[in-house]
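Colleague: Generate coordinates for the sequence data below:
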Amino acid sequence: MKRTIEHIEYHKDTEQLARFAKALGHPTRIAILKYLKNQSCCFTGDLVEVFPLAQSTISQHLKELKNAGLIQGELNPPKIKYCINKDNWKVAKELLSQFFN
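Modeller: Sure thing, here's the model as predicted:
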């Protein structure tokens, strides 16, 4: 499906690739994804112990990754458990591969 934005047509895949690329545009987010890729799941507090950043900063990066669909969160009151969104991870890998090939 094509979508017109300011007289330019974009395919759905192009918009999704841009969303993924934007989320990957910060080194901390890439590091978080690498960490999560090797874990089944983790909590924000776990990431605060791994990365020398404030919890609010980690939370903001998690929010960006979640909004892009690269990770998912499961509410475990009062915490949220995060893990890789495996379906979107596969889509991101395919779209990035197509883009670079």
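Colleague: name the element Glu74 belongs to?
Modeller: Glu74 is part of strand 71-76 when elements are defined by DSSP states H and E.
Colleague: Identify all contacting residues around the following helix or strand past that strand.
Modeller: Remark: after strand 71-76, the chain's next helix or strand is strand 79-84, criterion DSSP H and E. Residues outside strand 79-84 that contact it (Cβ atoms under 8 Å, 6 or more residues apart in numbering): 33, 36-37, 39-45, 47, 62, 66, 70-74. Any C-beta I mention is one placed from the backbone N, CA and C, and that applies to glycine too.
Colleague: let's see 7 Å
Modeller: 36-37, 40-44, 62, 71-74 (Cβ atoms under 7 Å, 6 or more residues apart in numbering).
Colleague: Derive a ChimeraX selection command for the buried subset of the residues you listed.
Modeller: Buried members of these, defined by 16 or more other Cβ atoms under 10 Å, are picked up in ChimeraX with:
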select :36,41,42,44,62,71,72,73
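Colleague: Next, format the contacts of strand 79-84 as CSV and append pLDDT and distance to Ala92.
Modeller: Converted to CSV, the contacts of strand 79-84 look like this (pLDDT from 0 to 100; distance: Cβ to Cβ, whole Å):
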residue, pLDDT, distance to Ala92
Leu36, 95, 13
Lys37, 92, 12
Ser40, 87, 19
Cys41, 90, 19
Cys42, 91, 20
Phe43, 91, 23
Thr44, 89, 22
Leu62, 96, 16
Ile71, 97, 11
Gln72, 95, 13
Gly73, 92, 17
Glu74, 89, 20
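Colleague: so which of the contacts of strand 79-84 comes closest to Leu96?
Modeller: Using Cβ to Cβ, Lys37 is the member of the contacts of strand 79-84 that lies nearest Leu96, at 14.6 Å.
Colleague: what about the strands in the chain?
Modeller: Secondary structure of the chain (DSSP state E): strands at 2-5, 8-11, 42-43, 71-76, 79-84.
Colleague: What confidence value was assigned to Tyr10?
Modeller: Predicted confidence (pLDDT) at Tyr10: the value is 67.
Colleague: What of the one 5 residues further on?
Modeller: If you check Glu15, the pLDDT there is 91.
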